[in-house]
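Participant: compute the structure for the input listed below.
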Amino acid sequence: MTRTDNLRADDSLLLLGRLDGRLHGSPCADIFLARSRLEGATVLAGLAGVPIAVRDLQDWIAGRTPPPRASEGLNDPISVAAVFHLALSRDEDLKDSLGRATLNVLRTVLDDRTEAKVYAAEDLAHFGPMWRQLRTVADAPFPSGDLLSVANRIFQLFALTEPAAPGSWDVVSVDGRALELPPRGRDRNWLIAAAVPRMLCRAGFTTRVIPSFILMSKFLPPSPADLAETLAQAIGRTAHAGLRDLDAIERAASRIQTDLAVTKRSKAPLLARLQLAYPGLQPAAVARLLKVTPQGARKLLASLAHPS
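Facilitator: Okay, here's the model as predicted:
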């Protein structure tokens, strides 16, 4: 058992506060938030029953592949494209300018809205209205700034996602028999989990939405009090991992300036920073992001592949 497996609630919140504070002073906060968004979406996909890796999302964003599981996941309960789109939509109205900027950069490379319409139109129709209802309830003011309040809100959201009563699913077969069919076997807890980073910010635990703080597991514990303890442990683990990741990002970013022998006007350092979050970007995406010609994008990519 590691130290982060047995953190007290106070320790966990101190770690969260440290991460939140560092993000306000770090020159790499944008890269951290971009990677955090992918990590959070990966966790949500697992909760939704479509497990993927961050690298799968990066390959899709870079333009090397279609959405993860788009071909082999024909029997999946939901499309990864739908999960990713709904996760990103959580951040569309952020007041945090940096959070909005990182979302805009991502959508310059990959338009999740168009991808979801192409690959997940049915899923959007099924889950979209529920997600909008959950987000509205999740955004309501909290009576107090403690984890029990967040846990109570999660239980409130869970009640909203419970399937309809069996009677409402009665149908008549072609031969006239009355059949009672269960609701669609799709787990909706991931929709609640998608709102958790936003609830942490609304409740005052963070000053901005940190997308990787999903915190929930597939099944809820028996009571809000038990969930509050579970959230505290998850906050500690996620904050500890976040601080470690931020350290690594800052080290990698500092090497960019020393390793690249380029002029001050060169956009190669900016591209190198972007690739810390989105490795493998294709020339078309680089051209859109950096507002250069396709030929210029290819030259920039080549300069990073073979630095002088």
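Participant: what about Y278, distance to K299?
Facilitator: Going from Y278 to K299 by CB to CB, to the nearest Å gives 19 Å. C-beta: built from backbone N, CA, C; applies to glycine.
Participant: higher neighbour count, the two?
Facilitator: Between Y278 and K299, counting by other CB atoms under 10 Å, Y278 is the more crowded of the two (23 against 14).
Participant: now do the same for that one: its pLDDT.
Facilitator: On the pLDDT scale, Y278 is placed at 96.
Participant: again with D10
Facilitator: pLDDT at D10 comes out at 80.
Participant: can you name the next helix or strand after the helix or strand encompassing it?
Facilitator: Under the criterion of DSSP states H and E, D10 resides in helix 9-25. Downstream of helix 9-25, the first helix or strand assigned by DSSP H and E is helix 29-47.
Participant: need the helices for this structure, in chain order.
Facilitator: Here the chain has its helices, by DSSP state H, at 9-25, 29-47, 54-62, 80-89, 97-109, 112-119, 121-138, 147-161, 189-202, 224-259, 268-277, 283-290, 294-305.
Participant: show me what the last one is packed against.
Facilitator: To tie it back to what came earlier, the one meant is helix 294-305. helix 268-277, helix 283-290 (3 or more CB pairs under 8 Å, 6 or more residues apart in numbering; DSSP states H and E).
Participant: give me the buried positions along stretch 222-239.
Facilitator: Neighbour counts over stretch 222-239 (16 or more other CB atoms under 10 Å) mark 224, 227-228, 230-239 as buried.
Participant: low-confidence stretches in the stretch 51-200 of the chain?
Facilitator: 73, 163-187 (pLDDT under 70).
Participant: please repeat the previous calculation with a cut-off of 80.
Facilitator: Applying pLDDT under 80 to the stretch 51-200 of the chain flags the ranges 72-74, 162-187.
Participant: cool, the stretch 201-308 of the chain as well?
Facilitator: Where the stretch 201-308 of the chain drops to pLDDT under 80, the residues are 257-264, 305-308.
Participant: brilliant, that's me finished.
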